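Asker: Just a sequence and a predicted model for now, questions to come.
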Amino acid sequence: MAVKTIISRPIYGTLSPQPGKHHLFIADAEGALAIIDMAGKAPSGFFDGAEIDFIPGPEGKHIAALEALEPAQLHLPPSFASLLPRLRQTLTNAHMGLRIYLAGTEGLIGQAMQVALEAGIDHTSMQTEHRGSLARRMQCVHCKGITENVTTQPALCSHCGLLLLVRDHYSRRLAAFQGVCINAEDRSEIPPMEEAFP
């Protein structure tokens, strides 16, 4: 029997080196390992025209391994929000044939893809590989607020405080899963929170 999949759920692949002169890598956390693994399959000189934007997190893991690839540029922004102006500028100035590689958490992949699509980059020029945490980026359908790194089911909205059922429905436009009030009829009913997306 075939496994049922949710149509809106993104499907991720494995990064592989593509022909071209300009390569843009955007990764966070364990996404660095996807780049490092791909480097083993890349031809000599592949990273000479590559830019890597890596959000390392507080531990700073994998930075030395990425430096060893000797990319043309390596940037280490502290968050996706701080990377955003640079990313938009890079995409605005991009040459035809730019290849984009997105690796790491679903939140990072979704947001970076959203920015690239807005900049007119064709989706066929992007590769994605999910690595690391399964934490979700969630939008509350009631207040429209976004809560990052949701790991529990149900979860609290960080904006309005409602207890939300984190649905498997994923909005590509918002780069977020949808959260719906789980106890709308009786707010005194509070189901236990369980780790669902470690």
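Answerer: Cool, the structure landed.
Asker: care to break this protein down by domain?
Answerer: 23-130, 136-195 (automatic domain parsing).
Asker: Let me have the ones you listed in CSV, adding mean pLDDT as columns.
Answerer: Below are the domains of the chain laid out as CSV (pLDDT from 0 to 100):
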stretch, mean pLDDT
domain 23-130, 94
domain 136-195, 93
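Asker: Of all the ones you listed, which one is nearest Leu15?
Answerer: domain 23-130 (4.1 Å; C-beta to C-beta). The C-beta positions use only the backbone N, C-alpha and C, and glycine is treated the same way.
Asker: Show me what the helix or strand hosting Ala103 is packed against.
Answerer: Using DSSP states H and E, Ala103 falls within strand 99-104. Other helices and strands packing on strand 99-104, by 3 or more C-beta pairs under 8 Å, 6 or more residues apart in numbering; DSSP states H and E, are strand 23-28, helix 31-39, helix 106-118, strand 126-130.
Asker: Minimum distance to Ala176: which of the ones you listed has it?
Answerer: Ala176 lies closest to helix 106-118 among these, at 7.1 Å (C-beta to C-beta).
Asker: relative to helix 31-39, how tilted is the closest one?
Answerer: With axes from the mean of the first three to the mean of the last three C-alpha atoms, to 10 degrees defining the directions, helix 106-118 sits at 70 degrees from helix 31-39.
Asker: Give the buried residues for helix 106-118.
Answerer: Glu106, Gly107, Leu108, Ile109, Gly110, Gln111, Ala112, Met113, Gln114, Val115, Ala116 (16 or more other C-beta atoms under 10 Å).
Asker: hmm, back to that, direction included, what does the strand holding Ala103 pair up with?
Answerer: Sheet pairing of strand 99-104 (DSSP bridges) gives strand 23-28 (parallel), strand 126-130 (parallel).
Asker: Glu59 versus the residue lying closest to Cys160 once chain neighbours are set aside, what's the distance?
Answerer: Nearest non-adjacent residue to Cys160, counting by C-beta to C-beta, 6 or more residues apart in numbering: Cys143, 4.0 Å away. Taking C-beta to C-beta, to the nearest Å as the measure, Cys143 falls 33 Å from Glu59.
Asker: and the two? which has more neighbours close in?
Answerer: Counted by other C-beta atoms under 10 Å, Cys143 and Glu59 do not tie: Cys143 has more neighbours, with 14 against 8.
Asker: Look up phi and psi at the residue nearest to Cys160.
Answerer: phi -100, psi -10 (degrees, to the nearest 10).
Asker: which one of the domains of the chain lies closest to Ser16?
Answerer: domain 23-130 (6.3 Å).
Asker: any idea which strand is longest in the chain?
Answerer: strand 163-171 (DSSP state E).
Asker: Please name the strands paired to it in the sheet, noting orientation.
Answerer: As assigned by DSSP bridges, strand 163-171 forms pairs with strand 155-156 (antiparallel), strand 176-181 (antiparallel).
Asker: Point out the most buried one among the strands paired with strand 99-104.
Answerer: strand 23-28 (a mean of 26; mean count of other C-beta atoms under 10 Å).
Asker: send the alpha carbons of stretch 114-125 over as PDB?
Answerer: C-alpha atoms of stretch 114-125 as PDB (Å, rounded to 0.1, in the frame of the first residue of the first chain):
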ATOM      1  CA  GLN A 114      10.000  32.500  -1.100                       C
ATOM      2  CA  VAL A 115      12.500  35.400  -1.500                       C
ATOM      3  CA  ALA A 116      14.100  33.800  -4.600                       C
ATOM      4  CA  LEU A 117      10.700  33.300  -6.300                       C
ATOM      5  CA  GLU A 118       9.800  36.900  -5.600                       C
ATOM      6  CA  ALA A 119      13.000  37.900  -7.300                       C
ATOM      7  CA  GLY A 120      12.000  36.100 -10.400                       C
ATOM      8  CA  ILE A 121      14.300  33.100 -10.000                       C
ATOM      9  CA  ASP A 122      12.800  30.000 -11.700                       C
ATOM     10  CA  HIS A 123      12.100  27.200  -9.300                       C
ATOM     11  CA  THR A 124      14.000  24.800 -11.600                       C
ATOM     12  CA  SER A 125      17.200  26.700 -10.700                       C
END
